[in-house]
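Colleague: coords below, sequence missing:
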């Protein structure tokens with residue numbers, strides 16, 4: 001009997017192994033900047049900091065990337081993807097639950113081909129006026145699981 005597969009954290013609605021897992025665990029190179037951005041989001045979710053360093057341009061990769069990074073990411077929405085030769089931009093919103101509050105990171109990320117592979121170079125935060133929002137315990141969970149927050153991602157204070 002085969003093992004059940006889990007959905008990829010990047011919100012693609014594909015299973016992890018055939019989506020971002022082939023890049024994080026399988027050693028394949030992302031074919032474009034959108035696939036790389038999705039795999040990097042998944043790497044943040046999983047704490048795969050070696051993969052993040054590998055896919056970050058050496059000019060801009062922080063020295064202190066690691067355990068201090070938030071990991072309770074719950075949803076990704078890719079808004080726009082534009083590729084022009086060896087450069088690309090991906091605009092996205094990533095949702096994070098921190099201290100039972102929802103934070104939405106809205107960013108335009110810049111990617112380039114470096115030594116034959118796509119890498120993240122830098123990003124520009126786009127302020128939508130969205131700040132931390134308290135999530136009611138009986139509200140639908142922002143991860144879109146269909147569960148209420150207290151039965152999903154809520155953490156007792």
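Modeller: Looks like it arrived, so ask away. This one's a predicted model, so the numbers in the text were calculated from it and none came from an experiment.

Colleague: wait, what's in contact with the residue nearest the centre of the chain?
Modeller: For the chain, the residue sitting closest to the mean C-alpha position, by C-alpha atoms, centre = their mean, is residue 41 at 1.8 Å. For residue 41, the contacting residues are 9-10, 73, 76, 92, 94, by C-beta atoms under 8 Å, 6 or more residues apart in numbering. C-beta coordinates here come from the backbone N, C-alpha and C atoms, glycine included.

Colleague: repeat that with 6 Å
Modeller: Counting by C-beta atoms under 6 Å, 6 or more residues apart in numbering, residue 41 touches 10, 76.

Colleague: same question, residue 94
Modeller: 73, 76, 105.

Colleague: rewinding a little: so what pLDDT did the residue nearest to the centre of the chain get?
Modeller: The confidence metric pLDDT takes the value 97 at residue 41.

Colleague: next, it: phi, psi?
Modeller: phi -60, psi -50 (degrees, to the nearest 10).

Colleague: what's next to the least confident helix or strand in the chain by mean pLDDT, contact-wise?
Modeller: Ranked by mean pLDDT, DSSP states H and E, the weakest helix or strand in the chain is strand 133-134, scoring a mean of 89. If you take C-beta under 6 Å, 6+ apart as the criterion, strand 133-134 is touched by 101-102.
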